[in-house]
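K.L.:
build me a model:
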Amino acid sequence: MGDQTIYQRIEALIKDRGMTKKAFCEKLKISSGNLGDWRRGKTTPGTAHLIQISDFFNVSLDWLMKGIKPGEGVLQEQKAAYFFGVMGPLNCQAEDLETEEQNFILEYVEFAKYRKQKREKDKVKPE
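P.N.:
Here you go, the predicted structure:
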């Protein structure tokens, strides 16, 4: 799975869901032009689209972006220390993390906030 592109993983999710690409684009309000650019490798989905797609299909961003299965390559020993004050640990470990990795962590935190807000919003449905 890790050798697939982001687009190939998205395409597999669409197929597994039994959707057409057109229905996928309509449901997630993604233009067919964007999807075509992703397919051709001209562009890749931006953060907002990645979050939206991973939420829609209930897959992790790690898997969607890199093909990494949940828990694969994750350091467990000091897990808690990384999640208290996101910027603190990032600043302390800046020399150990590439800018892309730091950005990924910040994007994942935003994704987690989005998912939490969505769950809370879904719990409170208007009558």
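
K.L.:
in this protein, where is pLDDT below threshold?
P.N.:
Filtered on pLDDT under 70, the chain yields the residue ranges 1-2, 70-99, 124-127.

K.L.:
run through the helices of the protein in chain order.
P.N.:
6-17, 21-28, 32-40, 47-57, 61-66, 87-92, 99-123 (DSSP state H).

K.L.:
columns mean neighbour count on top of these, output as a markdown table?
P.N.:
Where you see a C-beta, it was placed from the backbone N, CA and C, and this is true even at glycine. Below are the helices of the chain laid out as a markdown table (neighbours: other C-beta atoms under 10 Å):
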| stretch | mean neighbour count |
| --- | --- |
| helix 6-17 | 16 |
| helix 21-28 | 14 |
| helix 32-40 | 15 |
| helix 47-57 | 17 |
| helix 61-66 | 18 |
| helix 87-92 | 13 |
| helix 99-123 | 12 |
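
K.L.:
I'd say Ile53 and Leu28 touch.
P.N.:
Yes. The pair Ile53 / Leu28 is scored as a contact, 6.7 Å apart, by C-beta atoms under 8 Å.
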